Every structure is written in C-alpha cells, then in structure tokens.
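[1] give the three-dimensional model of this entry:
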Amino acid sequence: MLKPYYKRPEHVNVIINDETKNSLADQELEIPYLENNSLIYDFEDVIQASELNKHLHDKQMDRLRELLNKYSKCFSNNPGLTNLVEHEIQLVSDQPVRRSPSNVAPTK
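    Down below sits the predicted model:
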C-alpha cells in the first residue's frame, strides 16, 4: 500500500559565519526562494529548450502542443490513482506472523 502523497513546503536554509572579515549584520541579505511548482509544466518552455522546432514542421508543432495539453495529467509529478488495475494477494493463512528481531550478518 502506498503512503498518501503530501506536498512538502520548499525551504532554503542559510548559515552565516560570524568570523568573516566583512560584517554582514549591517547589510541586508537577499535570500533566494525557489518559486517553482514542480506539478505544473510550461510546455512552451520545454518545446523551445528541446529544439524540436528545428526538426518539425509548423503543423507538427501545433499537433504536439495539442497532445501535450490534452494529456497534461500524464506529465504531472503528483502521484495519482488508477482504477484500471486491481491486485489480489493470496495468503496461506489469515494469522499474522510474529517474530522477534534478529541480527543478520551484513555479508553472507
């Protein structure tokens, strides 16, 4: 069973060393924040970066854009659910197996 997907907040950690010669306390520091949403793709940027326009005609590029927009959910980083496959695991018995923890040699 998969764990539920939770989007994690994006953080940037900064450490400042006070032993530097230039005092940074009086200067205002700009901290870069990641402003990307990994769940949303800009297909125009992908197409331009891939140099596909050198190899495809205008009609083919338009068709590619249509397909990318039509099936955009297939390119998401957000895991989804499907109802196309159902799994069944056959067990020998319904009794849970309980064992005490044991040490295993790392090389056998």
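
[2] neighbouring contacts of the longest helix seen in the chain?
    If you go by DSSP state H, the chain has its longest helix at helix 58-70. Identification of contacts with helix 58-70 by C-beta atoms under 8 Å, 6 or more residues apart in numbering yields 43-44, 46-47, 52-53, 56, 75. For the C-beta atoms, the positions are set from N, CA and C on the backbone; glycine is no exception.

[3] mind listing which of the residues you listed are in helices?
    Secondary structure from DSSP H places 43-44, 46-47 of the contacts of helix 58-70 in helices.

[4] need the max-distance pair from those residues.
    Farthest-apart pair in the ones in helices among the contacts of helix 58-70 is E44 and V46; separation 7.3 Å (C-beta to C-beta).

[5] what about the protein, any weak spots by pLDDT?
    With pLDDT under 70 as the threshold, the chain has low-confidence stretches at 1-2, 12, 14-41, 76-79, 108.

[6] could I get the full set of helices for it?
    Using DSSP H, helices in the chain cover 43-50, 58-70.

[7] pull out the buried residues from the last one.
    The reference is to helix 58-70. L68 (16 or more other C-beta atoms under 10 Å).

[8] look up how far L84 lies from R65.
    Going from R65 to L84 by C-beta to C-beta, to the nearest Å gives 27 Å.

[9] with distance to K7 added, can I get the helices of the chain in CSV?
    Putting the helices of the chain into CSV (distance: least, C-beta to C-beta, whole Å) gives the following:
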stretch, distance to K7
helix 43-50, 21
helix 58-70, 23
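
[10] of all those, which lies closest to N103?
    helix 43-50 (50.0 Å).

[11] enumerate the positions of that closest one that are buried.
    I47.

[12] perfect, that will be all.
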